[in-house]
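*Asks:* Would you be able to build a 3D model of this:
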Amino acid sequence: MKTIAAFYDDQILIDIQSRLDIVDIVSETVKLNRKGNRYWGLCPFHEEKTGSFSVTPEKNMFYCFGCHAGGDMFSFVMKRDGTDFKETVEMLAAKAGIEIVKSVNKKEIDHRKRIIEVNKTAAEYYAKIFLSQNGVPGKEYLIKRGLTAATIAKYQLGWAPDKWNNLEEYLLQKGFSQEYLKLSGLIKRSDKQQRFYDLFRGRIIFPIYQYNGDIIGFGGRVLDDSLPKYLNTPETEIFSKRNNLYGLFQAREAIRLQNEAIIVEGYMDCLKLHQADIKHTVASLGTALTREQAVLLRRYAEKALIIYDSDEAGQRETLRAIEILAKEGLKVSVVTLPGAKDPDEYLELCGKEEFIHYIQNNKLSDIEYKINRYLQEQKLLNLEAKIRTINLVKDDIEQLSNELEKDYFVKYLAKKLLIEENLVNRELKNQDKYKTGIKRNNSKITRDNIKYGNYGLQDKILASMLGSQEVFDRIKNTIGLDFFANRDYRTLANTYDELRGSEEHGLPKLRLIAAEKGLGPTLARIMFLIEDDIQIDFIELEEFIRKVKVLKRKSQWQRIYAELSKLENDGDFNSLLRFILNLDQFLNHTREGGIR
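*Replies:* Numbers count the residues shown, from 1 in each chain. Predicted coordinates for the structure are as follows:
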């Protein structure tokens, strides 16, 4: 085998791609048929009857014109298998016959495995205690809460006895050093008594699995009113609450199949839904949903359904979770259960069929939920409240690319605010007049390939910039690179610009960076445009530049008016003089050929 002593540098990635054929990698799970210089098949990431999944071996890229998944062979394996970048590189390197030698990192891997072994042994201990006479309190509680023996065994729930050192002594007898017990977070040092004690005592234990099945931490719940009610493993080398989701290991295949993840708050909510065969459910480990958790979910599904507790705290967190999930490209919907109940309580009270029926009939889109939530917070539905509500959801409605959806929400908003639709439309159009760029597509999956002609102006602009140095320089030197409405497009344009000034310039290097940054699907879409020569023509380009300049000029005049208004109230002589000099400079630049 070839040996490369490095930590995943670019050469390793290039060597892997040169030895492996993306068609072979994809063909492991997708039946491909060749048409011209591309291979086509049914997408493995969403259900479809007509193949919209395309692979281009020359560029080592894949792209689905239905669900918009795309990238290189690393992106494909990561999405297919739910692995991270590091694991994917190691797997493909082994397949390519490339051995990655890293003496330091081998120690790190062995070190990590030892901590996982500690956790695995601890989980076995807690489960053993649970089944013994000492575990009766935990057993009675879980049965009372409606969990079956099969569910308890499947998720390896356990009981931590209310003793100070039982787990520590057990693990030491099993041959683990005290140092690894500390690193696992299972024991904690008492500064007063100068000794260690078990972190979990007198608690039901919920093992927390990583998506690959490793036990990386634990959650513990007390049975009385003592605090904290829930306790998690502290941050360790292998466990961070913000990077993991409870139940994901058991739920990931169901989430892929449903193309949707249900997100709940607590362990019991998640377990009860799984037990009711609603298996595409995860919980956020008793913490506010994080961006990292949203990114993790996006590997498996395109949609997320939030069912948080119905109390005020749960509904506040729902609003926050909507923003995080939507920002990572998930289509979000919300269900609020009646009577301030959580999912576990409602399921226990009404049963599975009623629970599913309620969800189906009371699911709101993220925009509908926001409108309802904002209106609930208003004491009076006066003019000020109506204006505030429109402004709060204006951006969400404007970003929709589907006109039917946009029309629906305009009507919904008008009905809720008791005003005419044309007033809502007028307000949105006034704000949208000077906006250009990619709109958020929250509609059902639709193809957007050349046949259907759904490429936007900014798609074509970025494709033209990456395909032509002349176009790139023309745009950069006139309006800069930060005009894209799509954040990923801005990142790709600026990254490519940085690469042009280095020795490692060009699209091959950009593809590697895009994969590492999670932008593989975005770049794949643009690369397919370049290959099919779908780019902006000269007239369109100059008209777009002109419009952006006009918009910038208008924005600058607005800032000038605002500053002038401020000076009228509290400006002194020096401030006024600086304003006049800046205004003169601005006017000179305008006369010399426009604003940049």
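*Asks:* and the residue nearest to residue 497 when sequence neighbours are not counted, which of the three is it?
*Replies:* The shortest distance from residue 497 to any non-neighbouring residue, by Cβ to Cβ, 6 or more residues apart in numbering, is to residue 481 (6.2 Å). Where C-beta positions appear, they are placed from N, C-alpha and C, glycine not excepted. Assigned with DSSP: H, G, I helix; E, B strand; the rest coil, residue 481 falls in the coil class.
*Asks:* Now residue 481, what are its backbone angles?
*Replies:* When quoted as degrees, to the nearest 10, the phi and psi of residue 481 stand at phi -120, psi 0.
*Asks:* Within its sheet, name the partner strands of whichever helix or strand residue 263 is part of and how each one runs.
*Replies:* Taking DSSP states H and E as the criterion, residue 263 maps to strand 260-264. Paired with strand 260-264 in the same sheet, following DSSP bridges, are strand 281-283 (parallel), strand 303-306 (parallel).
*Asks:* How about residues contacting that strand?
*Replies:* Applying Cβ atoms under 8 Å, 6 or more residues apart in numbering, the external contacts of strand 260-264 come out as 251, 255, 270, 273, 278, 280-284, 289, 297, 300-308, 321, 342-343.
*Asks:* where does the closest residue in space to residue 365 that isn't next to it in sequence fall, phi/psi-wise?
*Replies:* Closest residue to residue 365 apart from its sequence neighbours, by Cβ to Cβ, 6+ apart: residue 333 at 5.6 Å. Backbone geometry at residue 333, expressed as degrees, to the nearest 10, gives phi -130, psi 160.
*Asks:* I figured residue 333 was touching residue 303, is that so?
*Replies:* Yes. Assessed by Cβ atoms under 8 Å, residue 333 is found in contact with residue 303 at 7.2 Å.
*Asks:* okay, and the common contacts of those two?
*Replies:* Common neighbours of residue 333 and residue 303, using Cβ under 8 Å, 6+ apart, do not exist here.
*Asks:* what's the closest non-adjacent residue to residue 221?
*Replies:* For residue 221, the spatially nearest residue (Cβ to Cβ, 6+ apart) is residue 204, at 4.8 Å.
*Asks:* what about the residue nearest to residue 365, how many neighbours?
*Replies:* Neighbourhood size, residue 333 [other Cβ atoms under 10 Å]: 20.
*Asks:* Quick one: residues contacting it.
*Replies:* Counting by Cβ under 8 Å, 6+ apart, residue 333 has contacts 303-306, 363-366, 369.
*Asks:* Quick check: ChimeraX command selecting the buried ones in those residues.
*Replies:* Listed next is the ChimeraX selection for buried residues among the contacts of residue 333, using 16 or more other Cβ atoms under 10 Å:
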select :303,304,305,306,364,365,366,369
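*Asks:* so what's the backbone phi/psi at residue 230?
*Replies:* Torsion angles, degrees, to the nearest 10, at residue 230: phi -120, psi 140.
*Asks:* Just list whatever residues bridge to it.
*Replies:* Applying DSSP bridges, one finds that residue 230 bridges with residue 221.
*Asks:* you'd agree it is up against residue 206?
*Replies:* No. In terms of Cβ under 8 Å, residue 230 does not count as a neighbour of residue 206; the distance is 9.1 Å.
*Asks:* Those two - which one has more neighbours?
*Replies:* Just comparing residue 230 and residue 206: by other Cβ under 10 Å the higher neighbour count belongs to residue 206, 27 against 16.
*Asks:* Quick one: residues contacting the more buried one.
*Replies:* Per Cβ under 8 Å, 6+ apart, neighbours of residue 206: 155, 157, 218-221, 246, 267.
*Asks:* Nothing else from me, thank you.
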